[in-house]
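*Asks:* what's the 3D shape of this:
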Amino acid sequence: MNTYAFRLLNVFAESTFGGNPLCVFEDARGLDDASMQALALQFNLSETTFILPSDNASARVRIFTPGYEMRFAGHPTLGTAHVVRELAGTGDALTLEFLAGIVPVTAQGDVWTFTAPHSGKPRTAPTGLPDSEMASLLGLEERDLLASPMWVDSGADQLLVAVRSSEAVRRASPDSSRLAIWPQSSLGRKTAYVFAFDPERPGRVLSRYFFTKQGGGVAEDPGTGSACANLGGWLLATGHALPAEYAIDQGEAVDRPCRLRLAVDADGAIRVGGRVIEIGRGSVTL
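*Replies:* Below is the predicted model of the structure:
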C-alpha cells in the first residue's frame, strides 16, 4: 500500500472560507489514470490536481473533475503553483506543464498569476442558436444581452454571455429542463459564463459560471480562472481598447466570494490572478 499526501486550498480567496476549493496531490507517481479519476470523485471538488515530474517545466500537472480529465483550468493552475513553490523551492516564477501546454505562473506573496496558453488571437465561434433562445435558456431576455453570445478559447473553450447589467447577471437562472439543446464545447461540456461590466465601478465585472452536472441539472462554480482568461479573449475578439485590467467578482450567489484579476496586454497576452490560501493537509492510503 502507498500513501499520497494532499493539500486543500482556496483559490481566488479574499477570506479563509471564500474562493474556489482545490485538492492538490503533492506527488502522483504511482497513481494510474483510474486512481486519479477515483480520487477526484472521492473529494468531489470541481477539480483535483496531481503533481508529476516534468522535463520541460517546474512540474507536470494533471487536472481531473469528478467525471473527466481537463486540458487546462484556471484555479487549479494557481493553487498547484502555490504548492509547487513550497515543495520545490522554485521561487516566485515557475512553469507548469498541462495537456494544453506549458503555462508560466508568477507570484507576489500569495497572489498568483498565470498567462493563458494561447498564441495570437483566441479562437471564437458563434453559439449556433438565436440570441433570443440562448438568453431564454439562461432565464434572461434578448434585450438583456450586451452582444451575441460566443464561444471563446484561450486554453479551454467556453460560452461567454455578455449582459447589460449586474442585475441581469444576478437574475440569470438556467433552465435545466432544456439542457438537451444547450450548445456543447469541444469536450462535450455545456457551460455559460455570464458577465457584466459595472458602469458605477469602472474596472469591475460581476460574473457567474454555470455548468451541467453529472446525472443532470446545472451547478454554479465559485471562481473560474479559465473563463476569466476567456473574458480576456472576448475583449480581444470584440476590439476592446488595450491594455485593459479588470477585477472580477464571482461566487456571491453560492456564498463563496471570489476576486479574480484580469489583465490583457497591448500585445494580447492574457493574465489571470488571485490569492491562494491553504487551509489543510492530509494523506490517502491506497
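*Asks:* Dump the lengthiest strand in the chain to PDB, restricted to CA.
*Replies:* Taking DSSP state E as the criterion, the chain has its longest strand at strand 270-285. Extracted as PDB, the C-alpha positions of strand 270-285 are listed here (Å, rounded to 0.1, in the frame of the first residue of the first chain):
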ATOM      1  CA  ILE A 270      -3.900  37.400 -21.100                       C
ATOM      2  CA  ARG A 271      -3.100  37.100 -17.400                       C
ATOM      3  CA  VAL A 272      -5.400  36.000 -14.600                       C
ATOM      4  CA  GLY A 273      -4.500  36.100 -11.000                       C
ATOM      5  CA  GLY A 274      -5.900  35.700  -7.500                       C
ATOM      6  CA  ARG A 275      -5.000  34.900  -3.900                       C
ATOM      7  CA  VAL A 276      -4.400  31.400  -2.700                       C
ATOM      8  CA  ILE A 277      -5.000  30.300   0.900                       C
ATOM      9  CA  GLU A 278      -4.000  26.800   2.200                       C
ATOM     10  CA  ILE A 279      -6.400  25.500   4.800                       C
ATOM     11  CA  GLY A 280      -5.400  21.900   5.400                       C
ATOM     12  CA  ARG A 281      -3.300  18.800   4.700                       C
ATOM     13  CA  GLY A 282      -3.700  15.100   4.800                       C
ATOM     14  CA  SER A 283      -2.900  11.800   3.200                       C
ATOM     15  CA  VAL A 284      -4.700   8.900   1.500                       C
ATOM     16  CA  THR A 285      -3.500   5.300   1.600                       C
END
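*Asks:* okay, and for the stretch 151-286 of the chain, where does confidence drop off?
*Replies:* In the predicted model, the stretch 151-286 of the chain carries pLDDT under 70 at residues 214.
*Asks:* which strands and helices sit next to the one helix or strand Val169 maps to?
*Replies:* Under the criterion of DSSP states H and E, Val169 resides in helix 166-171. Under the contact definition 3 or more Cβ pairs under 8 Å, 6 or more residues apart in numbering; DSSP states H and E, helix 166-171 sits against strand 191-197, strand 204-212. Placement of C-beta: from N, CA and C, glycine included.
*Asks:* about what we covered before: so which bits of the longest strand of the chain are buried?
*Replies:* 270-278, 284 (16 or more other Cβ atoms under 10 Å).
*Asks:* Serialize these to CSV and add fields for distance to Ala28.
*Replies:* Shown next, in CSV, are those (distance: Cβ to Cβ, whole Å):
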residue, distance to Ala28
Ile270, 28
Arg271, 27
Val272, 24
Gly273, 25
Gly274, 24
Arg275, 25
Val276, 20
Ile277, 23
Glu278, 18
Val284, 11
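*Asks:* Return the member of these nearest to Thr95.
*Replies:* Looking at those and their distance to Thr95, the nearest is Arg271, at 14.3 Å (Cβ to Cβ).
*Asks:* how about the nearest residue to the closest one once chain neighbours are set aside, secondary structure?
*Replies:* Using Cβ to Cβ, 6 or more residues apart in numbering and skipping the chain neighbours, the partner closest in space to Arg271 is Ala263 (4.6 Å). Three-state call for Ala263 (DSSP: H, G, I helix; E, B strand; the rest coil): strand.
*Asks:* so what's Ala263 up against?
*Replies:* For Ala263, the contacting residues are 232, 243-245, 270-271, 273, by Cβ atoms under 8 Å, 6 or more residues apart in numbering.
*Asks:* next helix or strand past the lengthiest helix in the chain?
*Replies:* Longest helix in the chain by number of residues, with DSSP state H as the criterion: helix 74-88. Using DSSP H and E, the helix or strand that follows helix 74-88 in sequence is strand 93-98.
*Asks:* Could you pull out the buried residues of that following strand?
*Replies:* The neighbour-count check on strand 93-98 (16+ other Cβ under 10 Å) flags 94-98 as buried.
*Asks:* In contact with Leu260, which residues?
*Replies:* Counting by Cβ under 8 Å, 6+ apart, Leu260 touches 12, 223, 225, 228, 247-248, 250, 272-274.
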